[in-house]
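Undergrad: Provide a 3D model corresponding to the input given below.
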Amino acid sequence: MSHWLRLTLLGVGAMNSPRFAPAGLLLRCTGHRVAFDGGPGAEPPPGRLDAWLVCDEHSELRSVLRRRAAMWDVRVLATDLRIGEVLVRCHPVVHTSHPAYGYRIEAGGVVVVWAPEFWEFPAWAAGADLMFAEAAAWDRPIRFRGGVGGHASVRAVAERAAKHGVRRLVYAHIGRPSLRAIDAGLRPPAGEWGVEGRTYSLRFSHEPKGEGGIRRSPRA
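TA: The predicted structure follows:
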């Protein structure tokens, strides 16, 4: 039996983007829905929500996201999750001075990665069929003050994704340097710009493996 994993970009902007809503994703599969990150203008559409996962529990948008999530009667968390046939694993990324994460979504052999912010390309993204990735910087990385991480450049992300066997790369955290590159007609060396509202669909085979439902493993 085949099912579809559907991923809709709710937003593709970096923090305070003048053009796009904050980077966010909605996962849909077999009646389940899970939101990832987002913020004002990048909320999931009405309907039941199983969980709202974030990459940074200390981000500047945390208060806004908590209020938004309460409207769906869920909490904002960085955690592992299992819903039906879909396993979502929360993995650490090198990004800033406090813990930050990305997500590896697995279903019937299909792998999707949501990692919109990182300083170093996450090795755990290797072999992804689809990866939503960092794009705050264009040709030079953005280093945070004090040398505590930052944002990798699009050029570096493209190179590392190719070396890690990522099949389709979508930039989903577009910052001002990348906006200037877009306006100048420049294209990434590999991958494509994310489009708000676009749905990316992957088909997978379902093999029953015990009980479904929702299981969470909160992060410290």
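
Undergrad: Any chance you could list what contacts stretch 40-50?
TA: The list of residues contacting stretch 40-50 from outside it, by CB atoms under 8 Å, 6 or more residues apart in numbering, reads 10-11, 13, 21-24, 26, 32-35, 38, 64, 68, 72-74, 81, 83, 196, 214. Where C-beta positions appear, they are placed from N, C-alpha and C, glycine not excepted.

Undergrad: pretty sure Trp162 is in a helix, no?
TA: Not Trp; residue 162 is Ala. Yes - according to DSSP: H, G, I helix; E, B strand; the rest coil, the state of Ala162 is that of a helix.

Undergrad: wait, what's in contact with it?
TA: Contacts here follow CB under 8 Å, 6+ apart; on that basis Ala162 touches Ala190.

Undergrad: What does the closest residue to Trp72 other than its chain neighbours show for phi and psi?
TA: Distance criterion CB to CB, 6 or more residues apart in numbering; nearest residue to Trp72, sequence neighbours excluded, is Leu49 at 4.0 Å. Taking degrees, to the nearest 10, you get phi -130, psi 130 for the backbone angles of Leu49.

Undergrad: how close does Leu49 sit to Arg67?
TA: Shown here: Leu49 relative to Arg67, a distance of 14 Å by CB to CB, to the nearest Å.

Undergrad: more neighbours, these two?
TA: Taking other CB atoms under 10 Å, Leu49 and Arg67 do not tie; Leu49 has more neighbours (19 against 10).

Undergrad: unless I'm mixing things up, Arg180 is touching Val154, no?
TA: No - between Arg180 and Val154 there is no contact under CB atoms under 8 Å: 11.6 Å.

Undergrad: what lines up beside the top strand by length along the chain in the sheet?
TA: When every strand of the chain is counted residue by residue (DSSP state E), the longest turns out to be strand 2-11. Using DSSP bridges, the neighbouring strands of strand 2-11 in the sheet come out as strand 24-29 (antiparallel), strand 199-205 (antiparallel).

Undergrad: residues contacting the residue positioned nearest the centre of the chain?
TA: Relative to the mean C-alpha position of the chain, the nearest C-alpha, by CA atoms, centre = their mean, is the one of Trp114, at 2.8 Å. For Trp114, the set of contacting residues under the criterion of CB under 8 Å, 6+ apart consists of 25, 36-37, 55, 102-103, 105, 132, 172.

Undergrad: quick one, what contacts the residue lying closest to Val94 once chain neighbours are set aside?
TA: Distances taken as CB to CB, 6+ apart place Glu120 nearest to Val94, at 4.2 Å, with adjacent residues excluded. With contacts taken as CB under 8 Å, 6+ apart, Glu120 has the following neighbours: 93-94, 152.

Undergrad: how near is the nearest residue to Gly13 once chain neighbours are set aside to Met131?
TA: With CB to CB, 6+ apart as the criterion, Gly13 has its nearest non-adjacent residue at 3.1 Å, and that residue is Phe20. Applying CB to CB, the value for Phe20 to Met131 is 19 Å.

Undergrad: Look at the two and report which has more neighbours.
TA: Remark: of Phe20 and Met131, Met131 carries more neighbours, 29 against 21, as counted by other CB under 10 Å.
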